[in-house]
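**Student:** Build me a model from this:
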Amino acid sequence: MSWLEDRTVAVITGAAVGDALGGATEGWTPQQIEERHGGRVRGIVGPWYPNWQDARPIAPYHKGDGHITDDTLMTRALVEVYAKRREHLDAYAMAEDLVPLMIGEPRWIPELESTALLLQRVFLAEKWLVARLHYGHVDPREAGVGNVVNCGAAMYAAPVGLVNAGDPRGAYAEAIDLTGAHQSSYGREAAGVFAAMVAASVAPGATLDDVVAAALDVAHDGTAAALRAVVEAVEGWPAAPRTDDEERELARLVRETVAPYDSVGPEYRQMSMDARRPSRTKSIEELPVALGLLLAHRGDYRGAVLAAVNYGRDADSIAVMAGAVAAGLGGSGVVPAQWLDEIEAASKMDVRETGRLMASAAADILRADRERALGRLAAIDAVAPDAAGAAVAGGLG
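**Tutor:** Okay, here's the model as predicted:
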């Protein structure tokens, strides 16, 4: 298996495992999670309510038991668009290819335990794509304006980082372009930064410091401030192994650090008045929390993902982001095979195959990038033949 294929499979499977584990605890507090499960969650657990079909507020979704959620379903759909086009994507690709997948191709939806359209599972923030692009005929580059500002675009942006492997700025730019069809403000910004983090993580020899540097290099406004705050807050956090009390303290520290930037507020199911509205000073909660947990766990996959699962709130998306980056750094071997096997069986989805499909598309896209880069260098040499010498001299000076 090539480096690219290994890292791509790692990111896709790592994100999906985090999604499935976190889906069971999404929306709850750490205290509620421990009360429900008799302690901290350490793997795949069952649904919050045994009678999940009728339970509120999460019916009719079967969350838990290893079922992936809409995060992975949307990621799979984006992978299919990359595999079809074999080129970098923009907002128009969302309208021309992603939306038709959402409304025209039935597939197995684990949380519904039935075959249905992807549209019938996704949250209202993702239904926005269909309403604006298919029915509203809005300019795809502007369709995200007016949507709720949340992690909806960021949660499935990992493939953008993979087709820009080793180029965080390229990943950021592409994610900002294509997610303009879905989100605005700090929701769109988070998608760009997360894609950049994934791109940095899969470069040969990459470290967690490289991921942090990439995130801070591209981030703006409240997202940048939240990321810097959480990096500073967890600096010097004791290395694993840790006690459960230390893990609880870490979750409290990260939440307190991110809270000033999070518009949702202290009660996840009872949001504040300015929740999820455009802002220059706010950030989605999920991205800085994921980075903080990754840093505190030194990039360890299992530790960071379980920390996200036990953090609660939007646990599945936090675990998606932490899992994708940790797996990008460590490779496919760091994703626990037992968890992945159970999740694939429960979800009736070959997640590894999704990773291989993404790797095939990424290889073609990166090959074309290389040819364009060589052509660009030739054009620069022709237009400014002294540029190369000046660059070398400048570097020596």
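**Student:** Quick one: neighbours of the nearest residue to Ala307 once chain neighbours are set aside, just the number.
**Tutor:** Spatial nearest neighbour of Ala307, excluding adjacent residues (CB to CB, 6 or more residues apart in numbering): Leu293 at 4.3 Å. Glycine gets a C-beta too; all of them are placed from N, C-alpha and C. For Leu293, the tally of surrounding residues (other CB atoms under 10 Å) stands at 29.
**Student:** What's the separation between the closest residue to Gly328 other than its chain neighbours and Val264?
**Tutor:** The spatially closest residue to Gly328, leaving aside those adjacent along the chain, is Ser201, at 3.1 Å (CB to CB, 6+ apart). Per CB to CB, to the nearest Å, Ser201 is found 27 Å from Val264.
**Student:** still on that earlier bit, enumerate every residue touching the residue nearest to Gly328.
**Tutor:** 7, 11, 161, 210-211, 324-325, 328-329 (CB atoms under 8 Å, 6 or more residues apart in numbering).
**Student:** Would you list the buried entries among the residues you listed?
**Tutor:** Buried subset of the contacts of Ser201 (neighbour count, 16 or more other CB atoms under 10 Å): 7, 11, 161, 210-211, 324-325, 328-329.
**Student:** Can you give the contact residues for stretch 346-355?
**Tutor:** 5, 8-13, 16, 20, 44, 65-68, 72, 75-76, 79, 108, 110, 332, 340, 343-344.
**Student:** now, which of the residues you listed lie within helices?
**Tutor:** Within those, membership in helices is found for 5, 8-13, 16, 20, 72, 75-76, 79, 340, 343-344, as judged by DSSP state H.
**Student:** ok, which stretches of the stretch 251-397 of the chain are helices?
**Tutor:** 286-296, 301-311, 315-330, 337-347, 351-383, 387-396 (DSSP state H, counting those that start in this stretch).
**Student:** Out of those helices, which gets the lowest mean score?
**Tutor:** Mean pLDDT is lowest for helix 387-396 among the helices of the stretch 251-397 of the chain, at a mean of 58.
**Student:** show me where pLDDT drops low in this protein?
**Tutor:** Flagging of the chain using pLDDT under 70 yields the residue ranges 388-397.
**Student:** if we look at stretch 28-43, which residues are touching it?
**Tutor:** By CB under 8 Å, 6+ apart, stretch 28-43 touches 21, 24-25, 45, 48, 244, 247-248, 251, 268, 306, 309-313, 315, 339.
**Student:** Let's see that with 7 Å instead.
**Tutor:** Stretch 28-43 is contacted from outside by 25, 45, 48, 244, 247-248, 251, 306, 309-312, 339, using CB atoms under 7 Å, 6 or more residues apart in numbering.
**Student:** Now which of those would you call buried?
**Tutor:** So, by 16+ other CB under 10 Å, the buried ones in these are 25, 45, 48, 247-248, 251, 306, 309-312, 339.
**Student:** what two of those have the greatest distance between them?
**Tutor:** Spanning the widest gap among the buried ones among the contacts of stretch 28-43 are Arg248 and Trp339, at 22.7 Å by CB to CB.
**Student:** Same list (the buried ones among the contacts of Ser201) but as a markdown table, adding distance to Ala181.
**Tutor:** Formatted as a markdown table, those follow (distance: CB to CB, whole Å):
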| residue | distance to Ala181 |
| --- | --- |
| Arg7 | 27 |
| Val11 | 23 |
| Gly161 | 18 |
| Asp210 | 30 |
| Val211 | 26 |
| Ala324 | 21 |
| Val325 | 24 |
| Gly328 | 25 |
| Leu329 | 30 |
